[in-house]
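J.: Generate coordinates for the sequence data below:
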Amino acid sequence: MRKIIVTGLTLFILSIFTVQHATAQSSYQTALGVKVWDGGGISLKHFVSGKNALEGIGYFWRQGFRITGLYEIHGPINNAGGLQWYIGPGAHVGFYNDRYGNGSFIGIDGVLGLDYKFNGAPINMSLDWQPSFEFGDNRGFVGNWGGLGIRYTLK
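T.: Okay, the predicted model is just below:
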């Protein structure tokens, strides 16, 4: 439990630091597509300012589904046009039918990733890691969420 608290506080502190120092400007405002992981999902990402985005993800697989909301803070990667890093907090609710328990569960999430917008094409890709902590019986830290996002940019 101590490791989870330390990890969460570290992500929070990094988020505050990047809010104050990042100056990245996204080259798109909204993107819709898929997120490929152990299962699959639908991803909608929308920038609320030049460097801050909200992402909603609906993951679906045979044992249930999970709805996740993330707040992502983006920053530039020098000399890599169109490529940005991002980090941020989030939360989820999951509805499962698996060997670890049936029912509805809630949790907190973090995200750390890379985001790339192709120049001259309405395509955005991302690759991220989304560790989470889920509350409930037979739940806890899960480090295998995240994945490859492929989206069509709307604006």
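
J.: Secondary structure element holding residue 68?
T.: Counting by DSSP states H and E, the secondary-structure element that holds residue 68 is strand 64-76.

J.: Centre of the chain to that strand, how far?
T.: Between the centre of strand 64-76 and the centre of its host chain there is 3 Å, according to Cα atoms, centre = their mean, to the nearest Å.

J.: which residue is nearest the centroid of the chain?
T.: Nearest residue to the geometric centre of the chain (Cα atoms, centre = their mean): residue 111, 4.7 Å.

J.: Which of the helices or strands spans that residue?
T.: Secondary structure assignment for residue 111, by DSSP H and E: strand 101-117.

J.: what angle separates the helix or strand just after that strand from strand 64-76?
T.: Helices and strands here follow DSSP H and E; after strand 101-117, the next one along the chain is strand 123-129. The directions of strand 123-129 and strand 64-76 differ by 100 degrees, with axes from the mean of the first three to the mean of the last three Cα atoms, to 10 degrees as the criterion.
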